[in-house]
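> I would like to see how this sequence folds:
(chains A, B, C and D)
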Protein chains: 2
Amino acid sequence: MAKLAKVSPITVSRALRKPDAVSPELRQRIDAAVHKLAYVPNLAASRLASSRSHSVGVIVPTLYNVIFAEYLRALHEVFLNSGFQVVVVNSRYSQREEEQAIRTLLGQRVEAIIIVGVDHTPMSRHLLTQSKIPVIETFELADNPIHINIGLSQAKAGRDATQFLIDLGHRKIGFVVGQQDIRAAARLSGYKEAMEKAGPEYQPMVTSIPQHSSIALGSTLLVSLVNHNEIPEALFCNDDNLAMGAIMKCREIGIKVPQDISILGFHDLEFAASASPSLSTVSTRLYEIGKLAAEAAVNELSGKRLDVSTQIDVGYEIFARQSTGKNKR
Amino acid sequence: MAKLAKVSPITVSRALRKPDAVSPELRQRIDAAVHKLAYVPNLAASRLASSRSHSVGVIVPTLYNVIFAEYLRALHEVFLNSGFQVVVVNSRYSQREEEQAIRTLLGQRVEAIIIVGVDHTPMSRHLLTQSKIPVIETFELADNPIHINIGLSQAKAGRDATQFLIDLGHRKIGFVVGQQDIRAAARLSGYKEAMEKAGPEYQPMVTSIPQHSSIALGSTLLVSLVNHNEIPEALFCNDDNLAMGAIMKCREIGIKVPQDISILGFHDLEFAASASPSLSTVSTRLYEIGKLAAEAAVNELSGKRLDVSTQIDVGYEIFARQSTGKNKR
DNA sequence: AATAGATTTGACAGCGCTGTCATTTGTGAT
DNA sequence: ATCACAAATGACAGCGCTGTCAAATCTATT
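Residues are numbered from 1 along each chain as shown, chains lettered A, B, ... in the order given. Got it, this is the predicted structure:
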């Protein structure tokens, strides 16, 4: 670069990284050359030489809806404040792509990996285990965490949510879901468990369209229920997007919520409280999970390695709002 | 690495990058060692040596709502198919952070940069101009594009959208917006222009709460209008999130849409068509912009450098759905 | 004026790969 | 068997930085 600023490369490096260590004149000459050439240091070289990447990797299943928004926001806040760049990769709900993402991130020598979920390909697990960097698995509770694990029991949440609907007097309770990821499957199993326990007249009814979750899909799913003439007394939706879509479709076709049907969502996304009717849902503390995960990573990286695998159950909370009510049929 | 597979480093490199060029036995020995050590090649070294990063940078203002979802999806689809890794960075609607993001991406030697918007700090512009890589500015139309520019006139869209409401017979037309980014400001100016042109009885009414856009914020904004006793005949919302929130709040407090108030959104997000009432909005062809941008970048990178700055106006389209109607007051 | 110590700058080597080209090995034709 | 050619493997150097330590310069003290 601007050796044309008539200084040695190493001084340029210093001027850019710790300006205080360089005399004002040199600094100024270097700055001028840097600006003139629009010079940007090659991070690959820097990383190679210093063997520090100053970055952390985040793997989320989707960037296409709002589910991980608060989670990402928390991660960004904590990591940026701690001087780490955040690399976000999208696995598109595929374990194969997740493995690819892990390779990419490890290849970049990120200093920690925050990953949604606890189910990975054997190879992914192997790579993460051997990587020697902090690995934070989030959102679910693992039987056998790789390292640190912060989440909640999706199955238990599914069970309790279903029980909540049962306690309202509903019997015909449906479950709707888009593409089924592992957490959805866990909630579904919780749902089935609660239904089974409640008695033989509680028949599970699952409706699924394997598409990426959205409000629009929620509407579509409700239409599908109507077409099959299977309108339940209550609907447990795999996430608030679907619930919101279902509510709107109900409104459109004249099904009253919650009088004719109770609708329960999941995650307590930003719009749940301000919807009309406001959406009953299971809060999964998205922001808190992100915050704790990032803090755990920063903590590990700052030397206070506990080296004991830590697991935090952040729990969940059912918010009974207007979209659910006692069965009146 | 596994020189313990008893081969030279270069052969490992080859075995991993073009397996066909290596004999089956060696390949197998190498694979075994790779797996055993959970070896992942250091991308920094690879990039440095090959001076290819095989990645492209994408800068979006936010990852926290659904506005850029379709855009990102399109970018991912095209780039992944063309063998590029996509690095997504979030500028959080700050030009300062955007500049930082540009530095980071250029430091990584991404092979192209796709960026939302055409307004950047002078330094950002300088860096991009000098970078010698394809730069695609999107969503807006620039007077002076850095390189390639794919978007639409936000001001014109704002003007036409307002005119659409005027043509429905509305006079008291409000504009609501969260934190005002540059595109919002352009739409706002289009709104003001249309109102001014329509005559003196068309007084602009702008309500703004400088927070990140969300459905919840739309509700809050509507409450604010009500509190100030300023409920207009029509509301032009800076994006569909706000419109959706406004609709729901209206419903909650008994304002009928569109009988009492017409509500118009912007962007035609996934839920607009399935909302109830379905949301009238201005489609900005989010997916198409992303697709064209990515294709333009791939095109440039495959050698067919046009080297003439290209600008594409993808236009926009007003979808009149149920949330707007003729003024009946 | 001499000296210790602090401050500023630079030389050197090496981070872990890959491009290039040379060398070795294998194959088929004569 | 011999040779020309193709295929497989390796040696070498260097990508652009930075860690380490040495050299040069400056500052303050006696």
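> count residues in the vicinity of residue A:39, would you?
Neighbouring residues of residue A:39 were enumerated by other CB atoms under 10 Å in any protein chain shown; the total is 18. C-beta here means a position set from N, CA and C on the backbone, and glycine is covered the same way.
> let's verify it: helix, strand, or coil?
State at residue A:39, reduced to three classes by DSSP: H, G, I helix; E, B strand; the rest coil: coil.
> so what pLDDT did it get?
Looking at residue A:39, its pLDDT reads 92.
> can you tell me how far it is from residue A:27?
Residue A:39 sits 14 Å away from residue A:27, taking CB to CB, to the nearest Å as the criterion.
> kindly report the same for residue A:175.
Taking CB to CB as the measure, residue A:175 falls 64 Å from residue A:27.
> repeat that for residue A:278.
Note on residue A:278: its distance to residue A:27, by CB to CB, is 57 Å.
> who are the neighbours in contact with the closest residue to DNA strand D within the stretch 151-300 of chain A?
Distances between the stretch 151-300 of chain A and DNA strand D by CB to the nearest atom of the strand are smallest at residue A:298, namely 19.5 Å. The contact partners of residue A:298, by CB atoms under 8 Å, 6 or more residues apart in numbering or on different chains, come to A:78, A:79, A:82, A:84.
> what's the burial count for the first one?
Read that as residue A:78. Residue A:78: 21 neighbours (other CB under 10 Å).
> which non-adjacent residue is nearest it?
Counting by CB to CB, 6 or more residues apart in numbering or on different chains, the nearest residue to residue A:78 once its immediate chain neighbours are dropped is residue A:294, at 3.5 Å.
> look up phi and psi at the one you found.
Phi and psi for residue A:294, reported as degrees, to the nearest 10, are phi -60, psi -40.
> right, and it touches residue A:75 too?
Yes: in this structure, residue A:294 is within contact of residue A:75 by CB atoms under 8 Å, at 4.9 Å.
> which neighbours do those two have in common?
residue A:114.
> now do the contacts for the residue in the stretch 201-329 of chain A that DNA strand C sits nearest to.
Using CB to the nearest atom of the strand, the single residue of the stretch 201-329 of chain A nearest to DNA strand C is residue A:301, 18.8 Å away. Each residue near residue A:301 by CB under 8 Å, 6+ apart is listed here: A:111, A:112, A:134.
> can you tell me how far the last one sits from chain B?
In this case it means residue A:134. Distance, residue A:134 to chain B, using CB to the nearest CB, to the nearest Å: 16 Å.
> that residue - how many residues pack around it?
21.
> can you give me the helices in chain A?
Under the criterion DSSP state H, chain A contains helices at A:9-17, A:24-37, A:43-50, A:69-81, A:95-107, A:122-130, A:154-167, A:182-198, A:215-227, A:240-253, A:286-301.
> who in the stretch 51-200 of chain A is up against DNA strand C?
Counting by CB under 7 Å from any atom of the strand, the stretch 51-200 of chain A comes close to DNA strand C at residue A:51.
> hmm, back to that, now tabulate the contacts of residue A:301 in a markdown table and tack on distance to residue A:258.
Formatted as a markdown table, the contacts of residue A:301 follow (distance: CB to CB, whole Å):
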| residue | distance to residue A:258 |
| --- | --- |
| A:111 | 48 |
| A:112 | 44 |
| A:134 | 44 |
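> tell me the one of the residues you listed nearest DNA strand C?
Closest approach to DNA strand C among those (CB to the nearest atom of the strand): residue A:111, at 14.8 Å.
> any weak-confidence spans in the stretch 51-200 of chain A?
Along the stretch 51-200 of chain A, the model assigns pLDDT under 70 to no residue.
> what residues does it put near DNA strand D?
So the stretch 51-200 of chain A meets DNA strand D at residue A:52 (CB under 7 Å from any atom of the strand).
> rerun at 10 Å
Residues of the stretch 51-200 of chain A found near DNA strand D (CB under 10 Å from any atom of the strand) are A:51, A:52.
> which residue does the stretch 51-200 of chain A have closest to chain B?
Of all residues in the stretch 51-200 of chain A, residue A:130 sits closest to chain B, at 3.4 Å by CB to the nearest CB.
> tell me if I'm right that that residue and residue B:38 touch.
Yes: at 3.4 Å, residue A:130 counts as touching residue B:38 under the criterion of CB under 8 Å.
> starting from DNA strand D, give me the distance back to residue A:328.
For residue A:328, the distance to DNA strand D (CB to the nearest atom of the strand, to the nearest Å) stands at 68 Å.
> what do you get for residue A:140?
37 Å.
> what's the mean pLDDT across stretch A:276-293?
The model assigns stretch A:276-293 a mean pLDDT of 97.
> in that stretch, which residues are buried?
Neighbour counts over stretch A:276-293 (16 or more other CB atoms under 10 Å in any protein chain shown) mark A:276-293 as buried.
> distance between the ends of it?
33 Å (CA to CA, to the nearest Å).
> what's the answer for stretch A:200-211, then?
31 Å.
> so which bits of that stretch are buried?
Judged by neighbour count using 16+ other CB under 10 Å, the buried positions of stretch A:200-211 are A:202, A:205, A:207, A:208.
> tell me which residues touch the residue most central in space within chain A, please.
Ranked by distance to the mean C-alpha position of chain A (CA atoms, centre = their mean), the top residue is residue A:68 at 4.1 Å. Residue A:68 makes contacts with A:60, A:61, A:62, A:116, A:286, as judged by CB under 8 Å, 6+ apart.
> for residue A:159, same thing?
A:190, A:191, A:193, A:194.
> mind running it again at 7 Å?
Counting by CB atoms under 7 Å, 6 or more residues apart in numbering or on different chains, residue A:159 makes contact with A:190, A:193, A:194.
> which residue is the nearest non-sequential neighbour of the closest residue to DNA strand D within chain A?
Relative to DNA strand D, the nearest point of chain A is residue A:13 (2.6 Å; CB to the nearest atom of the strand). Excluding its sequence neighbours, the residue lying closest to residue A:13 (CB to CB, 6+ apart) is residue A:41, at 7.6 Å.
> can you list the residues of the stretch 51-200 of chain A near chain B?
Counting by CB under 7 Å from any CB of the partner chain, the residues of the stretch 51-200 of chain A close to chain B are A:63-66, A:69, A:72-73, A:76, A:85, A:87-88, A:90, A:103-104, A:106-109, A:126-127, A:130-131.
> of those residues, buried ones?
Buried by 16+ other CB under 10 Å: A:63-66, A:69, A:72-73, A:76, A:85, A:87-88, A:90, A:103-104, A:106-109, A:126-127, A:131, out of those.
> surely residue A:293 touches residue A:115?
No: using CB atoms under 7 Å, residue A:293 makes no contact with residue A:115, being 9.3 Å away.
> list the residues that contact both of these two?
Joint contacts of residue A:293 and residue A:115 (CB under 7 Å, 6+ apart) are residue A:138.
> ok, back up a step: of the contacts of residue A:68, which is the nearest to residue A:222?
Taking CB to CB as the measure, residue A:222 lies nearest residue A:62 of the contacts of residue A:68, at 21.6 Å.
> alright, calling it a day.
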